[in-house]
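**Student:** What follows is a predicted protein model with its sequence.
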Amino acid sequence: MSQFMGFHRPNGDVGIRNHVLILSGTVYANTVCERVADTIHGAVPIVHANGRCQVAPDLRVTRRFLAGTAMNPNVGAVVIIDHFKEEGMTAEDLADDIAPTGKLIATVNIRGEGGFISAVEKATRYAQDFARRISLYQRDLAPMSKILFGTECGTSDTTSGLASNPANGLAGELLIAQGGRMLMAECTEWMGCENWLTEKAASPAVAEAILAGVRHMEARALASGEDIRGSQPTGDNMAGGLTTIEEKSMGAVKKIGDSPIIEYLEIAEAPTKTEAGNYVMYGPGMGAESISSMAAAGCQVLTFCTGGGHTSNHPIMPTIKVTGNRGSFELMRDTVDVDVSGVFTDEITLAEAGRIVYDEVARVCSGYLTKSEALRDNNSFAIHRVGPSI
Amino acid sequence: MKKVFVVYATDNVGTAVLEPIQTGDHVGCNGERSDLEVIAQADIAYGHKIALMDIAAGDTVLKYGLSIGSASCDIKAGDHVHTHNVESNRGRGDLAERVTVSAE
């Protein structure tokens, strides 16, 4: 499959979903956002704990996460709600960031509207209008080269590094062969196998950025005064048989294949290049923050490789769960989409497993619902913090 | 004979990914080391690793052909290989001086 059916946006992006986003600018607007989204067909609330009393570098990252999520091609229209005029990040600031995409945008300020009830009413009217207008948008053929394919792993076990992750890397290679791009974050999990990554770097600058990113993340862990073994590998990783961060890393980075790494990105930053290949992003191993950073960077679809059977699903970026553990697939049948455990029993080759993953990604790009989407289990929006609350 | 999975020819551990291993089992290898055979000295749960040869304290433990840490004590062929006898060489805040990191 070299083409998919997607929503062509005014700026040339192609979405695989067509949501009305109800975006909270601050923690104090969350409930208003949820009430509006409850009422409106196809609306998704983006709520979070941030937006107030953050130091400037931290607030900049929050703004990238929020604006980037709204700029994602899977979003057709955005209603932004804030509480007050949040310094450095008003609803209008976010609207300015999002405006170049050409999407429908409206802002509502709770205090400006005279309180909760009026704000809900105004935002609901905007959202109703937007939902109807974007319902006229039709899917049309688009090349797979328009896809930015994110990949993540979580609740990893031994099968992850041996089956689901390498199968996923092969699926990425199939997309890259069509001109597409694959994005991997979680630089915590590059620790111990940096050379495997830097050998693929398209330039010395990319290689140095990869090394610097790992050093920075490792230094943050060291600065806590703690042994990183206390949190990596996680307890469920160790129960599954993974012993050290190095072992976890080796299995983890196999989520991407052997194509060159074109660009290194800061967290939640969109690629500046369109060249086919792998892209990597600074960020933590924490799943919800990591996949949210990739959605904010513009990924339309994400595979989540999981030995233990994870439930993670991003609100606007379909999150396809892939496992190499048949027991987890059977136990977590409600949320895990693809089983590649046949690799261990000679039922399928690793190359065939890669094709199975790619075909699932292509189907989801054309509108096929993931299991978690069908359940509306939109549990995984989270913003990475780089500073304290003040 | 029960089998473990060996990823790379230079590895000194195998993974019980096909079936769990019991103490005393004769264990052979799928993957890259079909020549090796050991007797399990411990139960090896699904997903866990077994030593394919003796690994001295301080020596490198190899999987995927790459270091996954160092032996923290002498490991005998057939032993369960995990956190009780392997330690990571990375992110060791307990061994390093405290360092300061800027906010971004």
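**Tutor:** Sure, I can see it.
**Student:** pLDDT score for the nearest residue to residue A:250 once chain neighbours are set aside?
**Tutor:** Spatial nearest neighbour of residue A:250, excluding adjacent residues (C-beta to C-beta, 6 or more residues apart in numbering or on different chains): residue B:64 at 4.6 Å. Every C-beta, even on glycine, is put in place using the N, C-alpha and C of the backbone. Looking at residue B:64, its pLDDT reads 77.
**Student:** repeat for residue A:72
**Tutor:** Reported pLDDT for residue A:72: 98.
**Student:** ok, so what distance separates the residue minimising distance to the centre of chain A from residue A:61?
**Tutor:** In chain A, the C-alpha nearest the mean C-alpha coordinate belongs to residue A:291, at 3.0 Å (C-alpha atoms, centre = their mean). According to C-beta to C-beta, to the nearest Å, residue A:291 and residue A:61 sit 16 Å apart.
**Student:** And residue A:152, by the same measure?
**Tutor:** 19 Å.
**Student:** Looking at those two, which one has more neighbours?
**Tutor:** residue A:152 (31 against 24; other C-beta atoms under 10 Å in any protein chain shown).
**Student:** Who is the more buried one paired with across the strands?
**Tutor:** residue A:304 (DSSP bridges).
**Student:** Show residues contacting stretch A:100-113.
**Tutor:** Residues from elsewhere that reach stretch A:100-113 (C-beta atoms under 8 Å, 6 or more residues apart in numbering or on different chains): A:9-11, A:13, A:28-29, A:32, A:70-71, A:75-85, A:90-92, A:94-95, A:98-99, A:116, A:119, A:122-123, A:126, A:130, A:133-134.
**Student:** so where is chain A shaky, pLDDT-wise?
**Tutor:** A:1, A:86, A:226-232 (pLDDT under 70).
**Student:** still on that earlier bit, for the residue nearest to residue A:250, give me phi and psi.
**Tutor:** Backbone geometry at residue B:64, expressed as degrees, to the nearest 10, gives phi 60, psi 20.
**Student:** Pretty sure it sits against residue B:11.
**Tutor:** Yes: counting by C-beta atoms under 8 Å, residue B:64 does reach residue B:11; the two are 7.4 Å apart.
**Student:** Return every residue with contacts to both of these two.
**Tutor:** By C-beta under 8 Å, 6+ apart, no residue touches both residue B:64 and residue B:11.
**Student:** ok, those two, which is more surrounded?
**Tutor:** Taking neighbours as other C-beta under 10 Å, residue B:64 and residue B:11 compare with residue B:11 leading, 25 against 20.
**Student:** Show me which residues of stretch A:10-30 are buried.
**Tutor:** Using 16 or more other C-beta atoms under 10 Å in any protein chain shown as the test for burial, stretch A:10-30 gives A:13-26, A:28-30.
**Student:** Show the contacting residues for residue A:16.
**Tutor:** Residue A:16 makes contact with A:4, A:6-7, A:73-74, A:147, A:300-301, A:318, A:364-367, according to C-beta under 8 Å, 6+ apart.
**Student:** 7 Å instead?
**Tutor:** Residue A:16 makes contact with A:6, A:74, A:300, A:301, A:318, A:364, A:365 under the criterion C-beta atoms under 7 Å, 6 or more residues apart in numbering or on different chains.
**Student:** Tell me which two of the residues you listed sit farthest apart.
**Tutor:** Within these, A:6 and A:318 form the most distant pair, 12.1 Å apart (C-beta to C-beta).
**Student:** Just give the number of residues close to residue 42.
**Tutor:** You didn't pick a chain, so chain A it is. 17.
**Student:** My question was about chain B, not that one.
**Tutor:** 18.
**Student:** For it, give me its contacts.
**Tutor:** Residues B:23, B:79, B:80 are the ones in contact with residue B:42 under the rule C-beta under 7 Å, 6+ apart.
**Student:** would CSV of those with pLDDT, neighbour count and secondary structure be doable?
**Tutor:** Shown next, in CSV, are these (pLDDT from 0 to 100; neighbours: other C-beta atoms under 10 Å in any protein chain shown; DSSP: H, G, I helix; E, B strand; the rest coil):
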residue, pLDDT, neighbour count, secondary structure
B:23, 97, 12, coil
B:79, 97, 23, coil
B:80, 97, 21, strand
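**Student:** Which member of the contacts of residue A:16 is positioned nearest residue A:190?
**Tutor:** Set against residue A:190, the nearest of the contacts of residue A:16 by C-beta to C-beta is residue A:301 (22.4 Å).
**Student:** Extract the residue ranges of chain B that are flagged as low pLDDT.
**Tutor:** Looking along chain B with the criterion set at pLDDT under 70, you get B:31-32, B:91-104.
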